[in-house]
Every structure is written in structure tokens, then in C-alpha cells.
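3D model of this:
(one chain, ligands or ions: 2)
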Amino acid sequence: MTRVAGPLHLTAQETARFTPPAGVAPRSPLTRDCTACGACCAAPDIHALGKPLGVPCVNLGPDQGCGHLCAVYDTRPGVCRAYQPDWVCGEVAPLPTLEARVRRFLTIYGLQDEAGL
Ligand code: SF4
Ligand code: SF4
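Residues are numbered from 1 along each chain as shown. Ligands and ions are numbered 1, 2, ... in the order given. Sure thing, here's the model as predicted:
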């Protein structure tokens, strides 16, 4: 596997995944690590879990001060295990509330109207 030189030693594929699309100005340097902010467990619809758009997963715990943690992390479904952080995390994770993170997440994907925001 070829790695790109730099402090994070990202592969070219990882670098592409953490790079915002053209026309999107990144607001945060956070682009790689999952900080358990909870946005991806609340914003998207997850059919495998029967979770509607914009509604927090029933397994998403309360705010821990630094984010929201999954209550069933060790046995979480495959769809959750397969989820990979990307540049959107850098956009949502620094925001102060889960509501703000969900709103930003859905806006990025153009789903704010569908979610009734
Ligand atoms: S949106 Fe990104 S940073 Fe937030 S919990 Fe999900 S993977 Fe982690
Ligand atoms: S099961 Fe856990 S990881 Fe999966 S969406 Fe729910 S809270 Fe998130």
C-alpha cells in the first residue's frame, strides 16, 4: 500500500476521502479521527436499523461532554462497523450540540428539507 508523505501518513485513497469536494471550504482541521460526536448515528436514515432521517438511533447514549457514545458499540450492526469517517466529520464534529451537528450533516447532503429542518 503506497502512503503519501505527511504527518498523518495517509494513503492516496485516504487523502481523497478526507479532502472536501471542490467548492466546499473546510471549516475545521479535523478530518480523520472519529470523535464520537454522534452525528452519523443521528442524521442519516439507516434502513438496517429502521432509523429515520434526522432521528437519533435508540442506541445513541447521552452527551458525554465530548460527544455521544454508542451503548452497544461492541455488538453494533455491520452497517455501523462499515461506516468510515470522512471530511464531513471535520464539518460536524466541532459543532457544540448534536442538533447543530445533525443540521450541518443533513445540509451538506442536501437533505434538510426532507428532514423538515
Ligand atoms: S460523524 Fe464522524 S466524527 Fe462524528 S461520530 Fe460519526 S464518524 Fe465520528
Ligand atoms: S447502533 Fe450505535 S453505532 Fe450504530 S447508529 Fe446506533 S448508536 Fe450509532
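
Could you verify my assumption that Trp87 touches Ser28?
No. Using CB atoms under 8 Å, Trp87 makes no contact with Ser28, being 9.5 Å away. Quick note: C-beta positions are derived from backbone N, CA and C, even for glycine.

Looking only at neighbour counts, state which of those two leads.
Neighbour count, other CB atoms under 10 Å: between Trp87 and Ser28, Trp87 has more, with 19 against 13.

which SSE is Leu111 in?
Using DSSP states H and E, Leu111 maps to neither a helix nor a strand.

so what's it closest to, chain neighbours aside?
Leu53 (6.3 Å; CB to CB, 6 or more residues apart in numbering).

for the one you found, what are its contacts?
Ala43, Pro44, Asp45, Leu106, Leu111, Glu114, Ala115 (CB atoms under 8 Å, 6 or more residues apart in numbering).

with those residues in mind, which one is nearest to ligand 2?
Distance to ligand 2, by CB to the nearest ligand atom, is smallest for Pro44 among the contacts of Leu53, at 8.8 Å.

How about the secondary structure of that closest one?
Here Pro44 is recorded as coil under DSSP: H, G, I helix; E, B strand; the rest coil.

Look up how far Thr15 lies from it.
24 Å (CB to CB, to the nearest Å).

Which of those two has more residues huddled nearby?
Set side by side, Pro44 and Thr15 show more neighbours around Pro44, with 20 against 14, by other CB under 10 Å.

near ligand 1 at all, stretch 26-35?
Yes. Using CB under 6 Å from any ligand atom, stretch 26-35 reaches ligand 1 at Cys34, Thr35.

For that stretch, report the contacting residues that lie outside it.
8, 10, 14, 18-20, 66-67, 85, 87, 89-91, 93-94.
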